[in-house]
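Colleague: Turn this into a structure:
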Amino acid sequence: TDENGHGAHMAGIVLNSEQGTSTPKFNGVAPDADLIMVKAFDANGAGSYSDVIRGMQWILDHQAFYGIRVVNLSLSAPVASYYWDDPLNQTVMAAWQAGLVVVASAGNTGPDPMSVGVPGNLPYVITVGAMTDNYTPGDGTDDFLASWSATGPSVEAFLKPEVLAPGGHMVSKMPESSSIA
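Modeller: Numbering: from 1, shown residues only. This is a model prediction of the structure:
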């Protein structure tokens, strides 16, 4: 159940494989991938460090059983300490040490320098910022960093994000009853 809609929206961007009748047809970037969703946030899209840490621990506990190889963390919190002292980052580092590839959001507090949040500030994760195609998907020459996308470097001088992906005005699925919809 996704009362907020953000998780369903992200899952649709990754996995949607419906062959719609509308033009254009929207397919996810990895429509044949398997997905296990771990819910950490409430209907308002809010959650605590302990909620996310419990979710990460569930992933670590079930990694072998489900064959989990990649973790996507479409979330961000303000940086309050060095990355190695942060409890959420410590849990994400444990996932990395367990062999998981972790992809994290840069956050939505940009575009000022040093605005990448936790866990995107970790050097062990692939941090993704958002770009917009300026409403011209066929023309890459006018793409630019989305106005809200956080940027680095991190406090510890790591260049972040490593990747920019489409993030402005993305079409995806979510329940009509979700709070975002």
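Colleague: what comes up buried for the longest helix along the chain?
Modeller: Secondary structure of the chain per DSSP state H: the longest helix is helix 49-66. Buried positions in helix 49-66, judged by neighbour count with 16 or more other CB atoms under 10 Å: 52-53, 55-56, 59-60, 63. For the C-beta atoms, the positions are set from N, CA and C on the backbone; glycine is no exception.
Colleague: that's a helix at V29, yeah?
Modeller: No: going by DSSP: H, G, I helix; E, B strand; the rest coil, the assignment for V29 is coil, not a helix.
Colleague: That one reaches V14, doesn't it?
Modeller: Yes: counting by CB atoms under 8 Å, V14 is a contact partner of V29 at 5.9 Å.
Colleague: Looking at the two, which has the bigger crowd around it?
Modeller: More neighbours surround V14 than the other of V29 and V14, with 15 against 11 (other CB atoms under 10 Å).
Colleague: Could I get the contacting residues of the more buried one?
Modeller: 28-30, 33, 35, 72 (CB atoms under 8 Å, 6 or more residues apart in numbering).
Colleague: of all those, which comes closest to G120?
Modeller: Distance to G120 across these (CB to CB) is lowest for N72, with 11.9 Å.
Colleague: In what element of secondary structure is the residue nearest to E3 when sequence neighbours are not counted found?
Modeller: Distance criterion CB to CB, 6 or more residues apart in numbering; nearest residue to E3, sequence neighbours excluded, is A43 at 3.4 Å. Using DSSP states H and E, A43 sits within no helix or strand.
Colleague: any idea how far I180 is from A43?
Modeller: 10 Å (CB to CB, to the nearest Å).
Colleague: which neighbours do the two share?
Modeller: With CB under 8 Å, 6+ apart, A43 and I180 have common neighbours N4.
Colleague: how much space between T136 and L159?
Modeller: Using CB to CB, one gets 28 Å for the distance from T136 to L159.
Colleague: So which bits of stretch 86-100 are buried?
Modeller: For stretch 86-100, burial by neighbour count (16+ other CB under 10 Å) applies to 86, 88-89, 91-93, 95, 100.
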